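Participant: Structural data only, the sequence is not supplied:
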């Protein structure tokens, strides 16, 4: 009974978090108190849709010239919608440019990585082929009779050491 009371007292304590680490710890502790409770993860915000602005405005009026007292509010509303549409178009164009630059940068990094990989692969294969050729030439010269090797060197006029160079 006493342990239950102590636990309730600990739960009732108010702890003021002073650092972001403590805030995160408190949130995690709160989540872990009831692990069966489902946690909702918010979805990504959807892209803004194009604001609807009429393509053709029939009753074009200015802010002051010949407009009645009620027309100004209509004009102001249409102007605000047009500014919002232009802002949206500019933001979309800027986003498209940034996306294109990002994808171009990714492509350049991928191409550079492939070039490095190809270069290292060629170097590795060359080294591998060289390693395969050396034992064969050494094995052939060792397995041949010493007479045939000396005849060959006498005919060619050079020693076996110079051939390997």
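Facilitator: Yes, it's here. Just so we're clear, the structure is a prediction, and the values are computed from it rather than from any experiment. Residues are numbered from 1 along each chain as shown.
Participant: And the helices in the chain, which stretches?
Facilitator: 2-12, 20-33, 71-143, 146-156, 160-164 (DSSP state H).
Participant: What score does residue 79 have for pLDDT?
Facilitator: We have a pLDDT of 84 for residue 79.
Participant: meant to ask about residue 40
Facilitator: Value listed for residue 40 in the pLDDT field: 84.
Participant: Distance of it relative to residue 93?
Facilitator: 35 Å (C-beta to C-beta, to the nearest Å). Placement of C-beta: from N, CA and C, glycine included.
Participant: Looking at the two, which one has more neighbours?
Facilitator: Ranked by neighbour count (other C-beta atoms under 10 Å), residue 40 and residue 93 place residue 93 first, with 10 against 5.
Participant: residue contacts, that one?
Facilitator: Residues counted as contacts of residue 93 (C-beta atoms under 8 Å, 6 or more residues apart in numbering): none.
Participant: how near is it to residue 99?
Facilitator: 11 Å.
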